[in-house]
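In: Here's a sequence, model it:
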Amino acid sequence: MFQLTPAVRNLLIANVAVFFLSTLVSNRLLFLALYPIDNRLFGPWQFLTHMFMHADIGHIFSNMLGLMALGPMLEQRWGAKRFLTYWLICGLGAGMLYNGLRTYELRRMQHDTEVFRQEPTDLHLQDYVQHNVTENPQAYDPIISQLHKTPEDQQLIQGILTSMEQGYQDNLRYPMLGASGALFGIMLAFAFFFPNTELMVFPIPIPIKAKYFVLLYGLYEFYFGVHRVPGDNVAHFAHLGGMLVGLVVLLIWQRNRTRLY
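Out: Next up, the predicted model:
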């Protein structure tokens, strides 16, 4: 079904091997996932190693299916070394961009919490919610209204601060993992070089040209990255980061016409 090329095959083997090893040793390989920079578990090697970690069988299956479907044509065009270089650059770049964004968001959350601690008003609470609460911010409306009515209620204020601190810890705790950033770079490159190649994408019942598929997928990721829904744990901006880094690399390579040996 798939004509695997050498680099694609090696990436497939490496990802599957790490996935099954991680299931055997439970959580002992989580130090390979990419933690936020302010988390004590963060290590710089994680920008690379997170690309070989996956959350579950569905996660690795979708990423490896995309690699097997789109990767061989690019490797045949570039050669194994350039293909592997591109894959790694996109994955590293996606991780760096996404972690930079997470660091900014976490530190803004800390700053807004401290502003509220120093001056616990309904306006500062409203600013905190606007900047930091993406899931069901309307739930804070009664609390903001109550604080406006009873600005000296220390029990209410302490409860709000406890909620803010817990929110920060929850956001700091979870790492990012998966090869999706690299895969989205591959998708971008495939559409760049083979824009009119028709793809069959489940559950779309008709073929769709690669250029339209990637454009629509990119718009989908952007929309759900901006408009987060409850329970969504997908790193949408990491996917977009892989596309962005991939585009920059492609434009540089096209301009320089360099070749790796």
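In: Show me what the helix or strand where H148 lies is packed against.
Out: Applying DSSP states H and E as the criterion places H148 in helix 141-149. Helix 141-149 is packed against helix 122-132, helix 154-173, with contacts defined by 3 or more C-beta pairs under 8 Å, 6 or more residues apart in numbering; DSSP states H and E. The C-beta positions use only the backbone N, C-alpha and C, and glycine is treated the same way.
In: cutoff 6 Å now
Out: The contact analysis (3 or more C-beta pairs under 6 Å, 6 or more residues apart in numbering; DSSP states H and E) places helix 141-149 against helix 122-132.
In: tell me which residues in the longest helix along the chain are buried?
Out: Of all the elements of type helix in the chain, the one with the most residues (DSSP state H) is helix 80-118. Using 16 or more other C-beta atoms under 10 Å as the test for burial, helix 80-118 gives 80, 82-87, 89-99, 102, 106, 109-110, 112-113, 116.
In: now the angle from it to helix 154-173?
Out: 170 degrees (axes from the mean of the first three to the mean of the last three C-alpha atoms, to 10 degrees).
In: tell me how far helix 80-118 is from the chain's mean position?
Out: 9 Å (C-alpha atoms, centre = their mean, to the nearest Å).
In: circling back: what residues of the helix holding H148 count as buried?
Out: Residues 143-144, 147 are the ones in helix 141-149 that count as buried (16+ other C-beta under 10 Å).
In: contacts for that helix?
Out: Residues external to helix 141-149 that are found in contact with it (C-beta atoms under 6 Å, 6 or more residues apart in numbering): 122, 125-126.
In: coming back round to it: switch the buried residues of helix 141-149 over to a markdown table; also include distance to F190 and pLDDT.
Out: A markdown table is the format used below for those (distance: C-beta to C-beta, whole Å; pLDDT from 0 to 100):
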| residue | distance to F190 | pLDDT |
| --- | --- | --- |
| I143 | 48 | 92 |
| I144 | 48 | 92 |
| L147 | 52 | 92 |
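In: okay, the residues you listed in CSV with distance to M64 next?
Out: As requested, these are exported to CSV (distance: C-beta to C-beta, whole Å):
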residue, distance to M64
I143, 45
I144, 46
L147, 50
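In: now, which of those residues sits nearest R173?
Out: Of all the buried residues of helix 141-149, I143 has the smallest distance to R173: 23.7 Å, by C-beta to C-beta.
In: so how far is S163 from the closest one?
Out: Here I143 is placed at a distance of 9 Å from S163 (C-beta to C-beta, to the nearest Å).
In: now F31
Out: Following C-beta to C-beta, the distance that separates F31 from S163 is 30 Å.
In: Low-confidence regions, the stretch 101-250 of the chain specifically.
Out: 230-232 (pLDDT under 70).
In: Could you rerun that using 50?
Out: Nowhere does the stretch 101-250 of the chain drop to pLDDT under 50.
In: quick one, phi psi at E198?
Out: Dihedral pair for E198: phi -90, psi 130, per degrees, to the nearest 10.
In: The contacts of helix 141-149 into a markdown table, with extra columns for neighbour count and distance to H59?
Out: Formatted as a markdown table, the contacts of helix 141-149 follow (neighbours: other C-beta atoms under 10 Å; distance: C-beta to C-beta, whole Å):
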| residue | neighbour count | distance to H59 |
| --- | --- | --- |
| D122 | 17 | 41 |
| L125 | 21 | 36 |
| Q126 | 17 | 37 |
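In: could you dump the residues you listed to TSV with distance to V16?
Out: Below are the contacts of helix 141-149 laid out as TSV (distance: C-beta to C-beta, whole Å):
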residue	distance to V16
D122	53
L125	48
Q126	48
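In: What is the nearest of these to Q254?
Out: Q126 (47.7 Å).
In: Grab the nearest non-local neighbour of the closest one.
Out: I144 (5.6 Å; C-beta to C-beta, 6 or more residues apart in numbering).
In: The one you found and Q254: what is the separation?
Out: Taking C-beta to C-beta, one finds I144 at 52 Å from Q254.
In: same deal with T197?
Out: From T197 to Q254 the distance is 19 Å (C-beta to C-beta).
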